[in-house]
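J.: next one to model:
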Amino acid sequence: MNVRLFKAALLDALLAYAPDIYLRFLRGGRLAQGARRRLVQQSASASRLEQARRVLVVDSDFPDPTRNAGSKAIYHVVETLVEAGAELSFWSTSRSPSAKGEELLRRMGVRTAARQRRRDLSTWLGSMGCTRPFDAIVLSRPSNAAIYGADARLLGSDHCVYYGHDIHFLRLQNMRAAVPGSGARFELACMRRIERRIWRSQDLILYPSEEEAGYVNAYRSSLSLVANAEVLPLWAAPEAPELEPVPTGRRGMLFVGSYEHAPNVDGLDWFFREVLPLVRARGCDEPVYVVGAGMEQYVPPVASPTVEILGWLDESALQLMYERVRVALVPLRYGGGVKGKILDAMAHGIPCVTTTAAAHGLWDALSLLEPRDDADGFAETLLRLSSENSLWVDRSAQSLAFLHRAYSRDAFRTRITKLILRS
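T.: This next block holds a predicted model:
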């Protein structure tokens with residue numbers, strides 16, 4: 001095990017077995033404890049009803065919707081809360097926070113700070129003159145909820161919300177099943193302990209899929225706890241394209257995903273090793289484009305002159321890619337949550353070729369996704385969408401219809417205001 005992996009494993013162990021000790025060292029001891037007590041005393045003496053609803057969001061970094069699906073999901077949550085009139089504060093736990101993401105939040109009027117610059121959350125809040133408790137505190141991702149869950153209570157909120165994105169330990173479990181020898185046994189055990197503690201302690205649990213919300217509620221029921229896990233759509237669908245997408249003039253296959261997300265790299269490796277040779281053997285020479293944050297580091301296991309590794313693209317460049325390609329590739333062999341790359345492709349009217357793991361959380365769309373887990377089946381679906389215009393048009397229309405039915409902006413706004421603002 002290298003040093004980086006050892007440090008990550010040690011952190012997981014601390015979070016799993018000794019969060020109070022970790023908090024004490026992270027916060028800097030008694031000075032920070034005193035700052036939290038003063039803030040709580042100030043908050044307890046003030047009325048909640050005198051101003052706009054106040055919400056604190058804690059996440060690993062300031063959200064940039066072009067970075068990855070998790071970042072885009074949090075960005076949409078913050079944007080919708082601001083549009084609903086909430087007063088937002090955002091704490092980034094990153095030691096190298098995104099300047100772009102922070103600027104996007106500040107333009108919306110969100111107060112921002114990062115652990116890189118201010119070591120203690122409650123000291124920062126006290127320096128802003130906070131005089132009343134938050135109406136809601138949203139903790140995004142397991143490590144942040146483990147670290148700051150105690151703070152959420154100390155800050156006076158009676159509505160602590162955990163936004164899980166996916167169930168991490170189930171994703172690790174699926175990875176071990178799909179990729180023999182992948183390890184991660186210790187990480188899986190720690191994450192299971194962390195996530196289950198979070199599920200027991202938070203007032204509201206949010207996941208983007210019914211399957212994961214149901215899993216949490218079943219766990220809570222087994223402990224005689226009230227079910228409190230709810231489904232929050234990954235994000236609101238954009239407006240439908242002004243012009244109806246057409247297959248003519250399109251060429252190529254597009255994969256979009258972050259290099260840092262292990263299922264993306266594993267899925268690409270499987271596609272290039274097992275699927276692409278079948279596609280080429282059947283006469284299809286269309287190019288493959290690989291796009292995403294950090295993907296310039298990716299090296300396909302099989303060299304091919306028709307594969308272009310483009311890496312990160314800004315929003316306008318990615319839009320041009322969606323306008324030129326014929327098919328979106330989502331060849332993931334394991335994972336969890338709802339795949340943003342599928343929703344993005346649907347929003348542009350681009351048919352997807354997926355696996356069952358990639359379609360996780362989108363069971364209402366299985367009839368139009370038709371996931372295939374074997375290389376022959378995946379290649380066959382890809383070839384049909386690349387050559388049959390009538391099938392392409394039908395899938396494109398169905399995708400747009402599904403997206404705007406299940407992920408409408410009004411439905412997303414309603415869920416946010418009901419679940420987080422309780423109004």
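
J.: distance of the residue nearest to residue 396 when sequence neighbours are not counted from residue 238?
T.: Excluding the flanking residues, the one nearest residue 396 by CB to CB, 6 or more residues apart in numbering is residue 349, at 4.3 Å. Where C-beta positions appear, they are placed from N, C-alpha and C, glycine not excepted. The gap separating residue 349 from residue 238 is 12 Å, by CB to CB, to the nearest Å.

J.: more crowded one of those two?
T.: residue 349 (24 against 14; other CB atoms under 10 Å).

J.: that one is in contact with residue 243, isn't it?
T.: No. The criterion here is CB atoms under 8 Å, and residue 349 misses it with residue 243 at 9.5 Å.

J.: how long is stretch 289-308 from one end to the other?
T.: End-to-end span of stretch 289-308 (CA to CA, to the nearest Å): 5 Å.

J.: quick one: low-confidence parts of the protein?
T.: Scanning the chain for pLDDT under 70 picks out the ranges 1-51, 118-119, 128-132, 156.

J.: which element is the residue positioned nearest the centre of it on?
T.: When CA atoms, centre = their mean is applied to the chain, the residue found nearest the centroid is residue 70 (2.3 Å). Residue 70 is part of helix 69-83 when elements are defined by DSSP states H and E.

J.: can you list contacts of the helix or strand just after that helix?
T.: Using DSSP H and E, the helix or strand that follows helix 69-83 towards the C-terminus is strand 87-92. Outside strand 87-92, the residues that touch it by CB atoms under 8 Å, 6 or more residues apart in numbering are 51-62, 78, 81-82, 98, 101-102, 105, 108-116, 121, 124-125, 128, 134, 148.

J.: who does strand 87-92 pair up with?
T.: strand 54-59 (parallel), strand 111-114 (parallel) (DSSP bridges).

J.: among these, which comes closest to residue 278?
T.: strand 54-59 (40.7 Å; CB to CB).

J.: and that closest one, what's buried?
T.: 54-59 (16 or more other CB atoms under 10 Å).

J.: what about the helices in the stretch 1-150 of the chain?
T.: 3-17, 19-27, 30-44, 69-83, 99-107, 121-127, 142-154 (DSSP state H, counting those that start in this stretch).

J.: contact partners for residue 163?
T.: Residue 163 touches 73-74, 77, 138-141, 206, 232, counting by CB under 8 Å, 6+ apart.

J.: do the same with residue 266
T.: Applying CB under 8 Å, 6+ apart, the residues contacting residue 266 are 175, 178-179, 332-334.

J.: going by distance to residue 255, which of these wins?
T.: Of the contacts of residue 266, the one sitting nearest to residue 255 (CB to CB) turns out to be residue 332, at 10.1 Å.

J.: just say helix, strand or coil for that closest one.
T.: The three-state assignment at residue 332 reads coil, by DSSP: H, G, I helix; E, B strand; the rest coil.

J.: with the one 4 residues further on instead?
T.: Under the three-state scheme (three-state DSSP), the conformation of residue 336 reads as coil.

J.: next one: the helix or strand harbouring residue 221 to chain centre, how far?
T.: Assigned by DSSP H and E, residue 221 belongs to helix 210-222. Here helix 210-222 is found 19 Å from its chain centre; the criterion is CA atoms, centre = their mean, to the nearest Å.

J.: let me know the next secondary structure element after it.
T.: strand 229-231.

J.: can you tell me the strand partners of that next one and which way each runs?
T.: Short version: by DSSP bridges, strand 229-231 pairs with strand 204-207 (parallel).

J.: on that earlier part again, who are the neighbours in contact with the residue nearest to residue 396?
T.: Residue 349 touches 241, 244-245, 396-397, 399-400, counting by CB under 8 Å, 6+ apart.

J.: just residue 329 next, same as before
T.: 253-255, 271, 288, 352-353, 382.

J.: once you drop chain neighbours, what's closest to it?
T.: Nearest one to residue 329, counting by CB to CB, 6+ apart, is residue 255 at 4.5 Å.

J.: that neighbour: which element?
T.: Per DSSP H and E: strand 253-256 holds residue 255.

J.: could you point out which element follows that strand?
T.: helix 262-270.

J.: mind giving me the packing neighbours of the following helix or strand past that following helix?
T.: Next helix or strand after helix 262-270 toward the C-terminus (DSSP H and E): helix 276-281. Applying 3 or more CB pairs under 8 Å, 6 or more residues apart in numbering; DSSP states H and E, one finds that helix 276-281 contacts helix 375-387.

J.: ok so, going back, hmm, the residue nearest to residue 329 is touching residue 298, no?
T.: No. Judged on CB under 8 Å, residue 255 makes no contact with residue 298 at a distance of 9.7 Å.

J.: which SS state does residue 353 fall under?
T.: At residue 353 the chain is in strand, as set by three-state DSSP.

J.: quick check: it vs residue 305, distance?
T.: If you go by CB to CB, the gap between residue 353 and residue 305 works out to 22 Å.

J.: who's more crowded, these two?
T.: Neighbours per residue (other CB under 10 Å) separate residue 353 from residue 305, with residue 353 holding more: 28 against 7.

J.: who wins for neighbours among the contacts of residue 266?
T.: Neighbour-wise, the contacts of residue 266 (other CB under 10 Å) top out at residue 332, 28 neighbours.

J.: is it true that residue 400 touches residue 240?
T.: Yes. The pair residue 400 and residue 240 qualifies as a contact (CB under 8 Å) at a distance of 5.8 Å.

J.: what about these two, which has more around it?
T.: When neighbours are counted by other CB under 10 Å, residue 400 comes out ahead of the other of residue 400 and residue 240, with 20 against 15.

J.: so the residue nearest to residue 396 sits in a strand?
T.: No. The assignment for residue 349 is coil, going by three-state DSSP, so no strand is present there.

J.: from residue 291, how far off is it?
T.: Counting by CB to CB, the gap from residue 349 to residue 291 is 18 Å.

J.: with residue 318 instead?
T.: 7 Å.

J.: didn't residue 93 look like it was pressed against residue 147?
T.: Yes. Between residue 93 and residue 147 there is a contact at 7.1 Å, judged by CB under 8 Å.
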